[in-house]
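**Student:** prediction below, plus the sequence it came from.
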Amino acid sequence: MSTLAIIGAGAAGLAAAIAAKRAGAGRVLLLERLPRAGKKLLVTGNGRCNFTNTDLSIEHYHGDRTFAAQVIERFGTAQAIEFFESVGVPPYVEDGRVYPKSESAAGLLDALRVAAEDCELIENFTAEKLRKIDDKWEICAGDGRKIVADALIVAAGGCASPKFGSDGSGFELFRALGYEISPLQPALVQLKVTKPSVTALKGIRVRAEVKASSGGETIHTERGEVLFTDYGLSGIPIFQVTARKPCDTVVLDFMPELSEDDLTAKLERRRAIFSAKTAEDFFAGMLHKRLGNMIFRAAGVEKLSLEVAKFDDKLLKKLAYCLKNFEFEISGRMGFDSAQVTAGGVRPRQFSPTTMESLGDRRLYAAGEVLDVHGDCGGYNLHWAWATGQIAGTAAAQAIREEK
């Protein structure tokens, strides 16, 4: 019986295995580095598993967009929903994000495992070397085990969140075979702030508009909830920034719904209401107290005991400016341990977007995060895993059948 081996039993690997089995691949082996398949899926979407999106515009993808567009054209939202309904997972849509109806990542993973039951899962298998022997592929594990397959799909993930299985080993497998790898960096991750210090704001959440820039050029602008940490900034708008090229400054607008003039007028009315109070109480009910104190410091107010009645129009305009343009210097990103996905990877131009097969090595396929394509938050990265996994699994099975 012909054998298809798949390195990595994460989202892309499971999708590839199910597709291959359905396409009549024969023997399908899932080779997983961890003791259990799909561990990273359990933490996606805060445990709800946002598995695709109704808007798969190519602007939501980064890396090789030309290649990504060709793949997504073949496997879009409708195909992803149809696939999950076929394994018993009905969809639930919320603001364009598609979740399993159960809103349970564990339930979705269980459904995938059941659908892949006819495949052989070999756990604790760390693939360290690939060798082409005649027309077959030999996969060598670190413990000496060897597996020979008629076709091979590498779906080993990237470098992000290594505790869930993605340790970057897939890149090394391709590098050893001579494939081009674009530079790797963590994406969908927190930013580190140089100044001003945000230690005093640790734990505060605030809705704001985030504008990230590099060398004066705006990279990305997005509204949402920002979380202050002891080292910098977190939250979905920050993650979206890190899906793009590195930035050196981030400006937060804490009142994006108001123009600077309208905000100044609002502060003038507030001055009348709080005229008997001090600066310490001026933002009560409007901002978190610690954030309000930082705004005053940025505006040049050294003592919070300053009486509100003494606020002049110049100070109110300065406060409005600071609320709309609070700037942070960025020193970099947190590392792969904190990242949700890897930016960079094996250059996709070395593969066919219609089959995911290597253009240089017959019966070698790639799927998922190991390729240089990554997406924004919102189900885009999981969709990439399902799409490439399904295409690779189906194509590999057909190739094996035709050859037989």
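**Tutor:** It's in. Numbering: from 1, shown residues only.

**Student:** what's the neighbour count on the residue lying closest to residue 124 once chain neighbours are set aside?
**Tutor:** Counting by C-beta to C-beta, 6 or more residues apart in numbering, residue 35 is the residue found nearest to residue 124 once chain neighbours are left out, at 5.8 Å. C-betas here are computed from N, CA, C, even on glycine. Neighbourhood size, residue 35 [other C-beta atoms under 10 Å]: 8.

**Student:** so residue 35 touches residue 123, yeah?
**Tutor:** Yes: checked against C-beta atoms under 8 Å, the pair residue 35 and residue 123 is within contact range at 5.2 Å.

**Student:** where does the residue nearest to residue 124 land on pLDDT?
**Tutor:** For residue 35, the pLDDT comes out at 91.

**Student:** which SS state does it fall under?
**Tutor:** Three-state assignment for residue 35 (DSSP: H, G, I helix; E, B strand; the rest coil): coil.

**Student:** do the one 10 residues further on as well
**Tutor:** Using three-state DSSP, the three-state assignment for residue 45 comes out as helix.

**Student:** list the buried ones in the one helix or strand residue 211 maps to?
**Tutor:** Here residue 211 sits within strand 205-214, counting by DSSP states H and E. For strand 205-214, burial by neighbour count (16 or more other C-beta atoms under 10 Å) applies to 208-213.

**Student:** do the same with stretch 76-91
**Tutor:** 77, 79-81, 83-84, 87, 89, 91.

**Student:** give the pairing partners of whichever strand or helix holds residue 329; include direction for each.
**Tutor:** For residue 329, the host element (DSSP H and E) is strand 326-333. Neighbouring strands of strand 326-333 in its sheet, by DSSP bridges, are strand 191-195 (antiparallel), strand 249-253 (antiparallel).

**Student:** now the ones you listed in a markdown table, with mean neighbour count and distance to residue 31?
**Tutor:** Converted to a markdown table, the strands paired with strand 326-333 look like this (neighbours: other C-beta atoms under 10 Å; distance: least, C-beta to C-beta, whole Å):
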| stretch | mean neighbour count | distance to residue 31 |
| --- | --- | --- |
| strand 191-195 | 18 | 36 |
| strand 249-253 | 20 | 41 |
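
**Student:** closest one to residue 71 among these?
**Tutor:** Of all the strands paired with strand 326-333, strand 191-195 sits nearest to residue 71, with 29.5 Å by C-beta to C-beta.

**Student:** what's next to that closest one, contact-wise?
**Tutor:** Residues from elsewhere that reach strand 191-195, judged by C-beta atoms under 8 Å, 6 or more residues apart in numbering: 231-234, 238, 241-242, 247, 250, 328-334.

**Student:** any idea of the angle that strand forms with strand 205-214?
**Tutor:** 80 degrees (axes from the mean of the first three to the mean of the last three C-alpha atoms, to 10 degrees).

**Student:** any low-confidence regions in this structure?
**Tutor:** 404 (pLDDT under 70).

**Student:** at 50 instead, please
**Tutor:** Within the chain, no stretch has pLDDT under 50.

**Student:** longest helix anywhere in it?
**Tutor:** Longest helix of the chain, by residue count under DSSP state H: helix 380-403.

**Student:** show me what stretch 156-172 is in contact with.
**Tutor:** With C-beta under 8 Å, 6+ apart, stretch 156-172 has contacts from 7-8, 10, 12, 32-34, 39-40, 43, 126-128, 154-155, 173, 181, 184, 186-189, 336-337, 339-342, 345-346, 368-370.

**Student:** from the buried residues of stretch 76-91, which land in strands?
**Tutor:** Members of these lying in strands (criterion: DSSP state E): residue 91.

**Student:** format the buried residues of stretch 76-91 as a markdown table; extra columns: distance to residue 194.
**Tutor:** Formatted as a markdown table, those follow (distance: C-beta to C-beta, whole Å):
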| residue | distance to residue 194 |
| --- | --- |
| 77 | 40 |
| 79 | 44 |
| 80 | 40 |
| 81 | 44 |
| 83 | 45 |
| 84 | 43 |
| 87 | 47 |
| 89 | 44 |
| 91 | 43 |
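
**Student:** hmm, back to that, and which of the buried residues of strand 205-214 is nearest residue 59?
**Tutor:** When those are compared against residue 59 (criterion: C-beta to C-beta), the nearest one is residue 212, at 15.8 Å.

**Student:** distance-wise, check the closest one relative to residue 108.
**Tutor:** 32 Å (C-beta to C-beta, to the nearest Å).

**Student:** what does residue 75 give?
**Tutor:** Residue 75 is 18 Å from residue 108, by C-beta to C-beta.

**Student:** neighbour count for those two, which is higher?
**Tutor:** Higher neighbour count among residue 75 and residue 108: residue 108, with 28 against 23, using other C-beta under 10 Å.

**Student:** quick check: which element contains that one?
**Tutor:** helix 105-115.

**Student:** show me what counts as buried in that helix.
**Tutor:** For helix 105-115, by 16+ other C-beta under 10 Å, it's 105, 108-113, 115.

**Student:** ChimeraX command for the buried members of the contacts of strand 191-195?
**Tutor:** The ChimeraX selection below is limited to those of these classed as buried (16+ other C-beta under 10 Å):
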select :231,232,233,234,238,241,242,247,250,328,330,333,334
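
**Student:** all helices of the stretch 51-200 of the chain, in order?
**Tutor:** Along the stretch 51-200 of the chain, counting by DSSP state H, counting those that start in this stretch, helices occupy 65-74, 77-86, 105-115, 169-176.

**Student:** my guess is residue 61 contacts residue 384, does it?
**Tutor:** Yes: checked against C-beta under 8 Å, the pair residue 61 and residue 384 is within contact range at 7.5 Å.

**Student:** so what sits against both of those two?
**Tutor:** Common neighbours of residue 61 and residue 384 (C-beta under 8 Å, 6+ apart) are 68, 373-375.

**Student:** which pair of those spans the longest distance?
**Tutor:** 68 and 374 (9.2 Å).

**Student:** which residues are common contacts for these two?
**Tutor:** 61, 384.
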